[in-house]
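Quick one: sequence plus predicted model below, questions after.
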Amino acid sequence: MIRRFLPILSVCSLLLAGSVHAQQPSFDIVGLKLGMTEREVVSAIRAYNGALKITSVQSAFPYSDGVQQFQTDAFLSRIVAGSGASTRPELVVYFTPPPKGGRVWAIERDERINGNPPTLQQYVAALGQKYGAPTAVSPGGAHLAWDFPAGRPNCIVRPPDRPGFPAFRPSGREDLGFLLDLWRQRKLVPADLTTCASRLHYVLGSNGGVISNYYAVLIDVPRYAASNEAANREVQAREDAARKLRESKGRAPKL
C-alpha cells in the first residue's frame, strides 16, 4: 500500500557561511536523523521543504512451506520525497523491519544545484562546520566520510584506494545484511556488529570548478544489524512452522 502526504510549504537554506570551527557535530541530513519514527520523518521533511511530494512505501518478506509461497504482513520500508519535476527522489528514508521495526536506519539525499553553486572549498567548509572533521577524504577532496560515535570501527568495508567513497548505498542492488555477514566471515568487521560505528558519506560532483550535484548517505550500522537479524529469525520461525504444518498434513498414496 502506498500513502501520500500533502506537504506544507517551508523554506530551508543549504549552505552555511563562515569557516570551520569547533562545535558539537549534528549527524543529520536536513533535520532527518537516524532512529526517527515515520511521523518524525514526515514532519522533518515538511519543515525542510513543504513542496516535496512524500510517498510511503510498504514491503513484506517472502517465505515458503516448501510447496506454497507466503509473505509476512506489510510494513513500512521507506519514505520517498521528491519534486514532480524530477524523476529522481531527493530524499529516501529507510526504516527497520519488524519485530524491531519503524525506526530510521538509513537516509539518502541526491540533488543537483541549479542556482548559485558553491566551490568545492565552500561546500567542504560547510560540511566541516556541521559535522566536524571527516574520518576519511579522497585525494581530490570530493569524497568524504564521518564515523561516529568516535572510537568505533567502520564496518562498511571500502576499497583502500578510495577513501571517503561509499562502499554501500541503500538504493543500490547489494544487500547490507549479506555484505556484513560476508565481511564478518572474512574477519574484516567485528563479530558483534552492535560495536560498529554509524557512517555518513558525501560525494560531491563538480562542473567548471563548482559543485553541480551531490549525494549523501547516513547509515546506522548497529541498528540495521540488530533489526535485520531479528527479522531473519522471525521469518525463519514462520517458515519452519509452515513447513511443519504442511508435513503434518502429508499422506502417502495407496501402494
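Great, that's in hand.

Excluding sequence neighbours, find me the nearest residue to G164.
H143 (3.6 Å; Cβ to Cβ, 6 or more residues apart in numbering). C-beta: built from backbone N, CA, C; applies to glycine.

quick one: the strands in the stretch 51-200 of the chain?
53-59, 62-64, 69-71, 75-82, 91-95, 104-112, 136-137, 143-148, 198-207 (DSSP state E, counting those that start in this stretch).

I'd like these laid out as CSV, including mean neighbour count and mean pLDDT.
Shown next, in CSV, are the strands of the stretch 51-200 of the chain (neighbours: other Cβ atoms under 10 Å; pLDDT from 0 to 100):
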stretch, mean neighbour count, mean pLDDT
strand 53-59, 16, 94
strand 62-64, 15, 92
strand 69-71, 12, 92
strand 75-82, 20, 95
strand 91-95, 24, 97
strand 104-112, 21, 95
strand 136-137, 16, 94
strand 143-148, 22, 95
strand 198-207, 20, 93
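
ok now do the residue lying closest to A106 once chain neighbours are set aside, which residues does it touch?
Nearest residue to A106 in three dimensions, chain neighbours excluded: Y94, at 4.1 Å (Cβ to Cβ, 6+ apart). Y94 is in contact with 77-78, 104-108, 170, counting by Cβ atoms under 8 Å, 6 or more residues apart in numbering.

How much space separates Y94 from L144?
To L144, Y94 is 21 Å away according to Cβ to Cβ, to the nearest Å.

cool, Y48 as well?
21 Å.

can you list the contacts of Y94 in a markdown table and add distance to P160?
Formatted as a markdown table, those follow (distance: Cβ to Cβ, whole Å):
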| residue | distance to P160 |
| --- | --- |
| S77 | 33 |
| R78 | 31 |
| V104 | 30 |
| W105 | 26 |
| A106 | 24 |
| I107 | 26 |
| E108 | 24 |
| P170 | 23 |
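
A241 - that's part of a strand, no?
No. Secondary structure of A241 (DSSP: H, G, I helix; E, B strand; the rest coil): helix, not part of a strand.

and the gap between it and E234?
11 Å.

for I113, same thing?
43 Å.

again, but for V189
Separation of V189 from E234 (Cβ to Cβ) stands at 24 Å.

Compare these two and say which is more crowded by neighbours.
V189 (23 against 17; other Cβ atoms under 10 Å).

tell me the contacts of the closest residue in space to R223 that isn't next to it in sequence?
Of all residues not flanking R223 in the chain, W105 sits nearest, at 4.9 Å (Cβ to Cβ, 6+ apart). Taking Cβ under 8 Å, 6+ apart, we find W105 in contact with 34, 94-96, 219-220, 223-224, 227.
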